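Peer 1: next one to model:
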Amino acid sequence: MVGPAVLLESLEHQAGALRTLQLVWGGREAATASRLPLSPSQPSMAQTSSTGRPGPARYSPGGEMDVARLGQSGDLTPLSPSESRPHMLSQPRLVRNETLREVALRSKLSRVVDATSWLIEVEQTLLLPLIQKHPFPLHPKDSIEFRNICSHMALQREGQQFEKDLHEAHQCLKTIIEKLIWSLAVFPSEPYIPVRSALRQILQNLLAM
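Peer 2: Next up, the predicted model:
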């Protein structure tokens, strides 16, 4: 069994991975926009989704600082959902000069960005208070691997290596979430129901096609 320190370590690596993912997302959206000027009636997906809500937003630098401070002081100032977790995007539209393969990659990347941000929010606001009372198994090495994969992916602009890194990041994030769900399965009490439900929803959105 492990306590809050291990969760904080995982949060730090996940926050670093999220910052990198958002840089990758921003770069690819800018490249897509440069290939095809959009009319006023077709806003960029980087700005809004089909529901009018924002797409992947930047993870506040303060969020990562909060995680670092928490390891020293034990205080947590969680980010609000609007600051920490972007809303899921609708299925990306197919535009001229953009192949189905590119659309699929963009959709997969958006799901990884969203799931990572949402996971950090759930860990900060729901999981941390629980682990302070009842330690349970965690696997910080998975979060380290996830951060490293994302860092490597940021070096790839296009091509098969980028696709491979994105697939590995997707699978690693899936593993992190699944292991958290398994670890919480031994706690059937009511306080653990919301966090298990939230983790299952993140996983479902991550795997959505």
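
Peer 1: all helices for the protein, in order.
Peer 2: 4-35, 61-73, 81-84, 100-122, 128-133, 140-154, 159-184, 193-207 (DSSP state H).

Peer 1: hang on, Leu138 packs against Ser183?
Peer 2: Yes. Applying Cβ atoms under 8 Å, one finds Leu138 in contact with Ser183, separated by 6.8 Å. Heads up, the C-betas are built off the backbone N, CA and C, glycines and all.

Peer 1: these two: which is more packed in?
Peer 2: Using other Cβ atoms under 10 Å as the criterion, Leu138 and Ser183 rank with Leu138 on top: 24 against 17.

Peer 1: what sits closest to that one if chain neighbours are left out?
Peer 2: Distances taken as Cβ to Cβ, 6 or more residues apart in numbering put Val6 closest to Leu138, at 4.8 Å, once the chain neighbours are dropped.

Peer 1: my guess is that neighbour contacts Pro140, does it?
Peer 2: Yes. If you go by Cβ under 8 Å, Val6 and Pro140 touch, sitting 5.5 Å apart.

Peer 1: OK, contacts around Arg196?
Peer 2: Counting by Cβ atoms under 8 Å, 6 or more residues apart in numbering, Arg196 makes contact with 181, 184-185.

Peer 1: ok, now Ala169?
Peer 2: Taking Cβ under 8 Å, 6+ apart, one finds 17, 21, 112, 146, 149-150, 153 in contact with Ala169.

Peer 1: could you rerun that using 10 Å?
Peer 2: Contacts for Ala169 (Cβ atoms under 10 Å, 6 or more residues apart in numbering) come out as 17, 20-21, 24, 108-109, 112-113, 116, 145-150, 152-153.

Peer 1: with Ile131 instead?
Peer 2: Contacts of Ile131 by Cβ under 10 Å, 6+ apart are 1-8, 123, 138, 183-184.

Peer 1: any quick PyMOL command for the buried ones out of these?
Peer 2: Here is the PyMOL command that selects the buried residues among the contacts of Ile131 (16 or more other Cβ atoms under 10 Å):
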select buried, resi 4+6+7+8+123+138+183+184
